[in-house]
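> what follows is a predicted structure for the sequence shown.
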Amino acid sequence: ARTAAVIPAAGRGVRLGPGAPKALRALNGTPMLVHAVRAMAASRHVSLVVVVAPPDGEAEVKGLLADHALPDRTDLLVVPGGDTRQESVKRGLDAVQAVQADDGIDIVLVHDAARPLVPVDTVDAVIETVRDGAPAVVPALPLADTVKEVEPRTDGGPEPVVATPPRARLRAVQTPQGFDRATLVRAHDTVTDDVTDDASMVERLGLQVVLVPGHEEAFKVTRPLDLVLAEAVLARRRA
Ligand code: C5P
């Protein structure tokens, strides 16, 4: 059973503030994307990494990855992304499909470039649970905050609360999310709704998605404070 990892890295990262596309911003001198590629290649099960680059940044991403060392056993492809995360993942998946017949890839991970610090044990736990027969596997953590469902308002007025789901039943999901390859392909071919994670497309197929424990260091670098936290985690690892 061989595993490919698709890394969507085509987002602008608007919430992080002005500057380069998020995946290309540096953490302690190394681009976030390079950290994310290394995090996937750290698993000995991963034989192929497909990076989905900003549509106008393919050459830049290729150059950048060529400048940084990766394990020899990992193949690397760079393809251009789309307007939405979902479209970007689909393009990465198309690239996996193009080589899978030769390579015998039957598990696909989808991992946000914006989660550069996920530990290899989390990656392996996801892969092993797919190997054991789950069609879709997601790393997840309990929530610290209580979550309210609201009637969203865009005029700045106070938003009315609609419901408060019991916190003990909620989980915050991370990546890499792992899939039986054929199942993820079928999900992308049939589900057209807007989704914010890949596993929800498999849920729409009526299949059971399961969770494994996530990791604090797999947090998503989204806002400026997350950059401070990510650099502190890296500094601690090197200490
Ligand atoms: O916007 P969000 O934080 O959900 O993005 C998650 C991941 O999806 C990021 O790694 C981002 O680069 C990627 N993405 C993409 N193509 C898009 C939008 C987001 O590859 N059009």
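That came in fine, so what should we check first?

> all helices for this protein, in order.
32-41, 58-66, 85-103, 120-131, 181-190, 199-204, 224-238 (DSSP state H).

> which of the ones you listed sits most buried?
Stretch with highest mean neighbour count among these: helix 32-41 (a mean of 24; mean count of other Cβ atoms under 10 Å). In this view, the C-beta of every residue, glycine as well, is placed from N, C-alpha and C.

> which other helices and strands contact that helix?
Helix 32-41 makes packing contacts with strand 2-8, strand 46-53, helix 58-66, helix 120-131 when contacts are defined by 3 or more Cβ pairs under 8 Å, 6 or more residues apart in numbering; DSSP states H and E.

> check the burial of the closest residue to Ala39 other than its chain neighbours by counting its neighbours.
Among residues not flanking Ala39 along the chain, Val118 sits closest, at 5.1 Å (Cβ to Cβ, 6 or more residues apart in numbering). Per other Cβ atoms under 10 Å, the neighbour tally for Val118 reads 25.

> what would the helices of the chain look like in TSV with distance to Ile7 and mean pLDDT?
Output for the helices of the chain, formatted as TSV (distance: least, Cβ to Cβ, whole Å; pLDDT from 0 to 100):
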stretch	distance to Ile7	mean pLDDT
helix 32-41	6	97
helix 58-66	10	93
helix 85-103	7	90
helix 120-131	12	98
helix 181-190	15	96
helix 199-204	16	97
helix 224-238	16	95
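
> which stretch among those helices comes nearest the ligand?
Each of the helices of the chain was scored for nearness to the ligand using Cβ to the nearest ligand atom, and the closest is helix 85-103 (3.3 Å).

> would you mind listing what in the chain touches the ligand?
For the chain, the residues in contact with the ligand (Cβ under 6 Å from any ligand atom) are 8-11, 22-23, 52, 81-85, 88, 112-114, 222.

> now for the closest residue in space to Val130 that isn't next to it in sequence, how many residues are close by?
If the residues on either side of it in the chain are set aside, Val130 comes closest to Gly178, at 4.4 Å by Cβ to Cβ, 6+ apart. Neighbour count for Gly178, taken as other Cβ under 10 Å: 30.

> how close does Gly178 sit to Met201?
Separation of Gly178 from Met201 (Cβ to Cβ, to the nearest Å) stands at 14 Å.

> and Ala182, by the same measure?
Using Cβ to Cβ, Ala182 is found at 14 Å from Met201.

> what does Leu76 give?
25 Å.

> hmm, back to that, OK, contacts around the residue nearest to Ala39?
Contact analysis of Val118 by Cβ atoms under 8 Å, 6 or more residues apart in numbering lists Ala39, His111, Pro139, Gln174, Thr175, Pro176, His215, Glu217, Ala218.
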